[in-house]
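K.L.:
Sharing a sequence plus its predicted fold:
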Amino acid sequence: MPAVSKGDGMRGLAVFISDIRNCKSKEAEIKRINKELANIRSKFKGDKALDGYSKKKYVCKLLFIFLLGHDIDFGHMEAVNLLSSNRYTEKQIGYLFISVLVNSNSELIRLINNAVKNDLASRNPSFMGLALHCIANVGSREMAEAFAADVPRILVAGDTMDSVKQSAALCLLRLYRTSPDLVPMGDWTSRVVHLLNDQHLGVVTAATSLITTLAQKNPEEFKTSVSLAVSRLSRIVTSASTDLQDYTYYFVPAPWLSVKLLRLLQCYPPPEDPAVRGRLTECLETILNKAQEPPKSKKVQHSNAKNAVLFEAISLIIHHDSEPNLLVRACNQLGQFLQHRETNLRYLALESMCTLASSEFSHEAVKTHIETVINALKTERDVSVRQRAVDLLYAMCDRSNAQQIVAEMLSYLETADYSIREEIVLKVAILAEKYAVDYTWYVDTILNLIRIAGDYVSEEVWYRVIQIVINRDDVQGYAAKTVFEALQAPACHENLVKVGGYILGEFGNLIAGDPRSSPLIQFDLLHSKFHLCGAPTRALLLSTYIKFVNLFPEVKTTIQDVLRSDSQLRNADVELQQRAVEYLRLSTVASTDILATVLEEMPPFPERESSILAKLKKKKGPSTVTDLEEAKRERGSDINGGPEPAPAGTSAASTPSPSADLLGLGAAPPVPAGPPPSSGGLLVDVFSDSPSAVAPLAPGSEDNFARFVCKNNGVLFENQLLQIGLKSEFRQNLGRMFIFYGNKTSTQFLHFTPTLICSDDLQASLSLQTKPVDPTVDGGAQVQQAVNIECVSDFAEAPVLNIQFRYGGTFQNVSVKLPITLNKFFQPTEMASQDFFQRWKQLSSPQQEVQSIFRAKHPMDTEITKAKIIGFGSALLEEVDPNPANFVGAGIIHTKTTQIGCLLRLEPNLQAQMYRLTLRTSKESVSQRLCELLSEQF
């Protein structure tokens with residue numbers, strides 16, 4: 001930008017500003033401003049034509065008055081006239097005035113557009129820069145309509161100067177954000193990507209911001225930017241701070257550009273090209289290594305810039321979720337920040353570790369920091385950091401540490417900030433249910449929760465404990481005894497009275513044999529709380545009393561006296577009065593048999609999604625497509641670890657078999673075996689909303705399918721419209737899979753129909769049952785579909801998931817392979833060395849062994865190999881093979897009809913970069929299929 005010469009100084013403006021500052025009162029200021037406005041108005045209306053300097057000075061004064069908060073209703077035309085000046089300083093003031101004071105509805109917009117167009121065509125870089133800044137600052141739809149085609153042309157022109165390219169990129173970004181429908185995608189899109197290779201880092205930085213925003217909406221258009229971004233990032237992170245002197249910030253080379261490049265890469269999955277992927281991995285490793293180096297400066301700016309790059313690199317590692325080594329290293333690096341003296345770093349570390357905890361590769365590494373996180377929960381002064389600590393404890397919880405984490409969260413709840421108590425209550429309730437091996441612990445936990453934070457225990461929480469107690473015979477007596485003891489406290493929360501009333505009304509007979517909890521004592525205890533409760537609780541207690549009439553005939557008279565009292569029969573509350581009258585009449589006229597029938601125990605509740613989990617999701621905000629990445633890895637084989645808590649132990653009558661009951665396989669209608677048949681003849685099919693033709697498999701479907709052989713959660717498919725995520729768990733021959741469909745656009749999907757397609761052979765071997773999904777998916781929303789799975793016998797194929805819907809009037813048809821493979825029904829088996837080789841020799845016939853020798857497709861890393869074998873489903877047996885470099889595993893494939901033992905041995909040859917994989921099972925087809933699946937992983 002040209003320097004302002006001494007002759008351009010505006011003495012009149014300086015004097016005016018000085019006068020304003022010297023005013024002693026508001027009235028004096030207004031008087032001085034009105035005097036100046038009158039003077040400026042007379043000058044503009046005078047007969048004498050003003051020169052450019054005078055116009056500039058008066059327009060500046062008007063601008064200053066406006067910035068002081070006073071309305072300006074004249075001078076706009078003079079500012080527009082300044083745009084046609086050939087002097088930079090006059091043109092600059094004109095653009096500044098317009099950018100601040102002219103709105104999009106102004107009648108002057110056409111004159112302004114003409115002046116801007118002239119400056120864009122002038123090829124004077126200073127004038128072009130002013131014009132581009134004005135377009136971006138106004139940013140109106142009218143500006144976008146006028147210049148959306150011109151700005152991209154300037155951006156990619158070969159003779160455009162670097163400073164103008166920077167301004168053009170940022171101007172186009174502004175127009176795209178305000179009016180994306182007016183920015184045309186054309187030939188310039190492929191050329192703008194190559195700006196990432198520009199020699200001027202300022203241009204690269206501006207272009208990266210633009211490409212990142214464009215790629216989020218049009219990923220296919222800008223896919224080529226991935227390799228260029230990796231190349232540029234590699235050059236930055238491997239450079240010394242002296243190599244990029246103009247863009248080095250406190251010894252950190254180009255930190256803002258590095259952050260933007262890392263953010264751009266998060267718009268795409270990991271690169272498919274091995275060379276690009278390897279180079280990116282090197283970049284990320286270098287960034288992690290630099291974080292371990294001693295700081296080159298003690299100034300906070302150095303550490304801020306360094307950490308900004310580090311956290312964005314960790315975000316990319318988490319987004320890709322494909323490199324176990326990097327994920328574990330990222331977790332360890334974040335662990336160091338958990339005890340950092342800087343509060344912001346501790347907050348960011350906790351937030352990032354919450355996401356890391358959802359990865360199968362880094363979950364165990366995150367768990368090693370549990371003591372540090374618990375300490376943060378107790379000692380942090382900042383409530384936002386404590387809330388992130390609660391989120392991380394929730395994310396890292398599994399069966400091995402559930403009781404410890406729940407106990408710590410309950411302990412913290414007593415002193416927690418009121419703003420986060422309700423959320424903690426919901427999380428404790430969910431964890432206690434999800435990981436309850438012993439349901440007596442679950443009952444104790446929920447009652448303790450009500451005692452500590454009863455005001456924050458929503459109806460969903462105590463409803464849920466009632467459902468679970470009713471559905472589990474083994475815990476009903478304990479629950480009755482525990483709530484009876486809890487109600488003896490002098491002060492009980494009303495929610496505890498509700499739970500106690502409901503449970504004693506159903507199962508009080510289970511503890512009535514103890515003289516300390518006789519029927520009359522139970523009734524007296526509940527009735528002592530009656531007058532302290534609100535109307536809804538009193539209504540529930542009246543229902544408990546009538547239940548007692550059926551359970552305990554000896555207290556019938558006492559209860560009838562209570563129901564007959566004036567306080568009940570003449571109660572001002574209509575609901576209470578009606579219940580008292582009806583229950584009294586029922587207890588008087590009904591025979592014992594009728595009472596027993598009317599007041600029998602509640603039947604088990606049907607299985608459904610936990611209302612607590614639904615409430616937590618609602619509290620956290622509406623679901624988005626990014627929620628697919630938050631699917632938590634479930635560990636442990638007990639069904640309580642399922643992705644959605646569900647009441648256990650439904651009655652045998654509602655399920656086809658005891659094994660099916662574990663996952664509620666009888667609760668859903670059978671899956672369609674093929675595409676929906678058309679309802680009419682050929683003409684009807686042509687105009688049908690849901691054509692029955694199934695699309696071929698989407699590009700990349702096979703690669704994504706292979707990635708899921710050794711993991712259960714992640715993104716299965718993604719294009720510019722739709723994202724499909726999976727979260728699944730398996731136990732023996734049963735499984736449950738949740739499929740998440742995310743609408744990435746702002747337009748509704750209509751007639752949304754997902755269908756599972758199985759061949760005849762596969763239908764005989766694999767039983768799939770689905771629940772229907774909503775046929776309309778709103779823009780930016782996500783719907784989920786549950787699939788219950790039962791392995792009847794071994795199988796080699798995989799079902800195909802076909803999704804058909806209408807988007808913007810266009811029919812869309814997508815097919816992907818659903819990763820339900822035979823190894824998902826593996827149960828790991830630990831074996832000693834002697835037992836392993838004894839069994840190995842027993843499976844020595846040719847039809848029981850399958851062997852494959854193949855070249856390594858990925859780097860031969862020991863830790864990654866171990867993780868993949870464990871993820872495959874077998875137990876990894878240490879110190880069994882005489883050669884410590886070999887890997888051996890054992891497990892059992894569970895089907896409904898049989899169990900098939902399996903032993904595997906993987907022998908790597910680092911020099912030749914080859915593997916030999918040997919599998920021995922009691923069934924040839926199983927050996928063959930497992931060998932095919934596992935060999936593709938290395």
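P.N.:
Sure, I can see it.
K.L.:
Now do the helices in the stretch 751-900 of the chain.
P.N.:
760-765, 833-842, 862-872 (DSSP state H, counting those that start in this stretch).
K.L.:
Which among these is found nearest to residue 712?
P.N.:
Closest approach to residue 712 among those is made by helix 862-872 (8.4 Å; Cβ to Cβ). Using the backbone N, CA and C atoms, a C-beta is placed for each residue, glycine as well.
K.L.:
For the stretch 801-938 of the chain, give me the ranges with low pLDDT.
P.N.:
Scanning the stretch 801-938 of the chain with the threshold set as pLDDT under 70 gives 809.
K.L.:
likewise the chain?
P.N.:
1-9, 47, 103-106, 240-243, 245, 607-694, 809.
K.L.:
picking that back up, of the helices of the stretch 751-900 of the chain, which stretch is the most buried?
P.N.:
Stretch with highest mean neighbour count among the helices of the stretch 751-900 of the chain: helix 862-872 (a mean of 18; mean count of other Cβ atoms under 10 Å).
K.L.:
residues in contact with that helix?
P.N.:
Helix 862-872 has contacts (Cβ atoms under 8 Å, 6 or more residues apart in numbering) with 324-325, 328, 360-361, 709-711, 823, 826, 828, 858, 876, 887, 889, 904, 906, 908, 933-934, 937-938.
K.L.:
ok, now stretch 554-561?
P.N.:
Stretch 554-561 has contacts (Cβ under 8 Å, 6+ apart) with 519-520, 523, 545-546, 548-549, 584, 587-588.
K.L.:
What are the boundaries of the strands in the stretch 751-900 of the chain?
P.N.:
Secondary structure of the stretch 751-900 of the chain (DSSP state E, counting those that start in this stretch): strands located at 766-770, 782-791, 800-807, 810-817, 826-828, 849-855, 875-877, 887-894, 899-909.
K.L.:
picking up where we left off before, would you write a PyMOL line that selects the buried entries of the contacts of helix 862-872?
P.N.:
Here is the PyMOL command that picks out the buried ones among the contacts of helix 862-872, judged by 16 or more other Cβ atoms under 10 Å:
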select buried, resi 324+325+328+360+361+709+710+711+823+826+828+876+887+889+904+906+908+933+934+937+938
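K.L.:
Output the helices of the stretch 751-900 of the chain in a markdown table, with distance to residue 276 appended to each entry.
P.N.:
Shown next, in a markdown table, are the helices of the stretch 751-900 of the chain (distance: least, Cβ to Cβ, whole Å):
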| stretch | distance to residue 276 |
| --- | --- |
| helix 760-765 | 37 |
| helix 833-842 | 41 |
| helix 862-872 | 19 |
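K.L.:
and of the ones you listed, who's closest to residue 388?
P.N.:
Residue 388 sits nearest to helix 862-872 of all these, at 27.3 Å, using Cβ to Cβ.
K.L.:
could you dump the strands of the stretch 751-900 of the chain to CSV with distance to residue 50?
P.N.:
Output for the strands of the stretch 751-900 of the chain, formatted as CSV (distance: least, Cβ to Cβ, whole Å):
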stretch, distance to residue 50
strand 766-770, 77
strand 782-791, 61
strand 800-807, 58
strand 810-817, 59
strand 826-828, 87
strand 849-855, 82
strand 875-877, 86
strand 887-894, 87
strand 899-909, 85
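K.L.:
Please identify which of those is closest to residue 42.
P.N.:
Nearest to residue 42 among the strands of the stretch 751-900 of the chain is strand 800-807; the distance by Cβ to Cβ comes to 61.8 Å.
K.L.:
Show me what that closest one is packed up against.
P.N.:
Applying 3 or more Cβ pairs under 8 Å, 6 or more residues apart in numbering; DSSP states H and E, one finds that strand 800-807 makes contact with strand 722-731, strand 749-757, strand 810-817.
K.L.:
From the contact counts, what lies against the helix or strand hosting residue 80?
P.N.:
Counting by DSSP states H and E, the element that carries residue 80 is helix 76-82. Counting contacts by 3+ Cβ pairs under 8 Å, 6+ apart, helix 76-82 packs against helix 52-67, helix 88-101, helix 109-121.
K.L.:
try it again with 6 Å
P.N.:
helix 52-67, helix 88-101 (3 or more Cβ pairs under 6 Å, 6 or more residues apart in numbering; DSSP states H and E).
K.L.:
and these, which is most packed in?
P.N.:
By mean count of other Cβ under 10 Å, those have helix 88-101 as the most buried, with a mean of 21.
K.L.:
Pull the contacting residues for residue 877.
P.N.:
Residues near residue 877 by Cβ atoms under 6 Å, 6 or more residues apart in numbering: residue 888.
K.L.:
I am finished for the moment; much appreciated.
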